[in-house]
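Participant: Sequence and predicted model, in that order:
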Amino acid sequence: MNSVQIVIENCKKQDRERQKQYMSAYGYIPEKYHGYILAYPNNVVVFNKALSETELAEVRKSYPSVYSTEYKGKTKVFYATNKPYFTADGHFIYAKDEHKDAGKKYDLRFELITLGDKIIIKAIIDSEIYGHKEALVDINLKDAKPFDIGQTAAARKVFSAIGYGRYPSFHTDFGEDPLIKEFREFKTKKEQK
């Protein structure tokens, strides 16, 4: 297979994976919340070397959104595609409806934490259905509205951790949040002093 064929095959592979992700999202998230599933831009590396202009033009006949750029010191070929994204509003409404229908309550709150030179928002949920979960998100102070963005991201993350908006082949393995692990280690060191 030549470079053009490899890139086209990798784009096809990405299309198949994206199709599975959308099928999972629409299959696992109840239909009344489908309006909260958006197409989120996603640029994927499909070739780890530069293509000539002729090769790139050939690929773009089938995949017009393929582009080549330098990334981490190497020229790579990317496919501009998208993936399903369940919005924060979708998470809130789904949780509110499910708890209301079950006659149960949940409490969502936030804390601001400094961790060394990082500023972190911690979202905490206590659900009478799913129990207690926490999620941490780094705040990027360069964002236009860093605290709004951080709070929304933390809320999405904690709602996902208890099952809202999770579906196979996308967010399948949450494991332990690395920020939570870092926070625990930092807190332990601070307490030992």
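Facilitator: Looks like it arrived, so ask away.

Participant: so where is this structure shaky, pLDDT-wise?
Facilitator: Within the chain, the ranges that satisfy pLDDT under 70 run 166-193.

Participant: Longest strand in it, please.
Facilitator: Identified as the longest strand of the chain according to DSSP state E is strand 74-86.

Participant: I figured residue 107 was touching residue 125, is that so?
Facilitator: Yes - between residue 107 and residue 125 there is a contact under CB atoms under 8 Å: 7.0 Å. In short, each C-beta sits where N, CA and C put it, glycine included.

Participant: who has more neighbours, those two?
Facilitator: residue 125 (21 against 10; other CB atoms under 10 Å).

Participant: check contacts around that one.
Facilitator: 106-108, 132-134, 158-159, 162 (CB atoms under 8 Å, 6 or more residues apart in numbering).

Participant: can you tell me how far the residue nearest to residue 65 when sequence neighbours are not counted sits from residue 64?
Facilitator: Nearest non-adjacent residue to residue 65, counting by CB to CB, 6 or more residues apart in numbering: residue 80, 4.0 Å away. Shown here: residue 80 relative to residue 64, a distance of 9 Å by CB to CB, to the nearest Å.

Participant: before we move on, what about residue 153?
Facilitator: To residue 64, residue 153 is 31 Å away according to CB to CB.

Participant: Residue 158 and residue 134 touch, don't they?
Facilitator: Yes - here residue 158 lies in contact with residue 134, judged by CB under 8 Å, at a distance of 6.7 Å.

Participant: Neighbour count for these two, which is higher?
Facilitator: Using other CB under 10 Å as the criterion, residue 158 and residue 134 rank with residue 158 on top: 25 against 17.

Participant: wait, what's in contact with the more buried one?
Facilitator: 108, 123-125, 133-135.

Participant: cutoff 10 Å now
Facilitator: Counting by CB atoms under 10 Å, 6 or more residues apart in numbering, residue 158 makes contact with 91, 95, 108, 110, 122-125, 127, 133-137, 164, 177.
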